[in-house]
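Enquirer: Here is my input, please return the structure:
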Amino acid sequence: SQDAMEYLEDNIPKALILDIMMPKIDGLTMLTKIREKYYYPVVLVTAKNEDLDVIKGLMLGSDDYIKKPFNPLELVTRVKALLRRIEVYEELDKKQKMIFQYKDLQLNLETRDCYVKGKKIDLTTTEFEILTLLLMNIGKKLSSEWIYKSITGDDYYNMAYNSVATHIRNLRIKLGDSFENPHYIKTVWGEGYVIEKND
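Expert: Below you'll find the predicted structure:
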């Protein structure tokens with residue numbers, strides 16, 4: 001709602017649970033406005049008949065989604081998993097101060113910043129983690145299922161709702177990459193994704 005939007009202007013949460021069906025401002029419109037400024041984790045709450053909205057939401061930058069009706073404990077678990085992922089990377093930052101450099105792409109785990117040709121690229125939490133996984137495993141083909149389980153800690157994976165593919169698509173757009181002639185992320189049909197060794 002408009003009240004929620006005004007509240008978020010002055011209060012930045014660690015994570016946000018966003019229902020697609022809301023009065024006055026629908027969830028996807030609100031998500032678009034949020035992603036213009038902020039990149040904290042967002043979980044979409046959707047109805048069973050909102051599959052297209054789920055896909056659109058992932059493309060707009062949501063990190064996860066849950067369908068109604070749901071067990072409140074499952075929602076709490078998903079939010080905790082998102083927050084835990086951030087904490088793990090923050091701890092990794094403190095210990096290793098790692099910077100990945102690949103061609104003209106630089107990923108800084110300490111500041112969680114991404115640069116392409118010296119220009120800062122804003123990534124969502126999930127996009128950053130997928131790119132980190134690919135850069136940590138250069139030359140290795142990572143399946144969508146492996147990526148999904150690695151970043152969520154969730155053993156449940158449904159090919160029908162392959163959010164990893166959508167996040168990869170968003171990454172390509174933001175990095176200025178091409179599906180046909182990839183400079184960074186290559187799709188290997190039937191196997192997954194890979195960032196090839198930079199010979």
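Enquirer: Secondary structure element holding the residue positioned nearest the centre of the chain?
Expert: Closest to where the C-alpha atoms of the chain average out (C-alpha atoms, centre = their mean) is Thr126, at 2.2 Å. Taking DSSP states H and E as the definition, Thr126 sits inside helix 125-136.
Enquirer: contacting residues around the residue nearest to the centre of the chain?
Expert: Pro41, Asp63, Asp64, Ile151, His167 (C-beta atoms under 8 Å, 6 or more residues apart in numbering). For every residue, glycine as well, the C-beta is placed using N, CA and C.
Enquirer: The closest residue to the third one other than its chain neighbours in helix, strand or coil?
Expert: The spatial neighbour of Asp64 that comes closest, neighbours along the chain excluded (C-beta to C-beta, 6 or more residues apart in numbering), is Val43 at 4.8 Å. Going by DSSP: H, G, I helix; E, B strand; the rest coil, the secondary structure assigned to Val43 is strand.
Enquirer: next one: Asp154
Expert: Once three-state DSSP is applied, Asp154 turns out coil.
Enquirer: Follow the chain on from the lowest-mean-pLDDT helix or strand in the chain and name the next helix or strand.
Expert: Averaged element by element with mean pLDDT, DSSP states H and E, the chain has its least confident helix or strand at helix 72-96 (a mean of 76). Downstream of helix 72-96, the first helix or strand assigned by DSSP H and E is strand 99-102.
Enquirer: Leu44 contacts Lys67, correct?
Expert: No. Applying C-beta atoms under 8 Å, one finds Leu44 not in contact with Lys67, separated by 9.4 Å.
Enquirer: Give me the more crowded residue out of those two.
Expert: The residue with more neighbours, out of Leu44 and Lys67 and counting by other C-beta atoms under 10 Å, is Leu44; that gives 25 against 15.
Enquirer: Run through the bridge partners of that one.
Expert: Leu18, Tyr65 (DSSP bridges).
Enquirer: In contact with it, which residues?
Expert: Leu18, Asp19, Ile20, Gly27, Leu31, Asp53, Val54, Gly57, Ser62, Asp64, Tyr65, Ile66.
Enquirer: and it, what pLDDT?
Expert: For Leu44, the model assigns a pLDDT of 91.
Enquirer: measure it to Arg84 for me?
Expert: Distance, Leu44 to Arg84, by C-beta to C-beta, to the nearest Å: 19 Å.
Enquirer: likewise Thr125?
Expert: From Thr125 to Arg84 the distance is 11 Å (C-beta to C-beta).
Enquirer: Please apply the same query to Asn170.
Expert: 22 Å.
Enquirer: Ok, Glu127 next?
Expert: Glu127 is 18 Å from Arg84, by C-beta to C-beta.
Enquirer: what's the answer for His167, then?
Expert: 18 Å.
Enquirer: Looking at those two, which is more packed in?
Expert: His167 (26 against 11).
Enquirer: Return the residues in contact with that one.
Expert: Contacts of His167 by C-beta under 8 Å, 6+ apart are Leu58, Thr124, Thr126, Glu127, Ile130.
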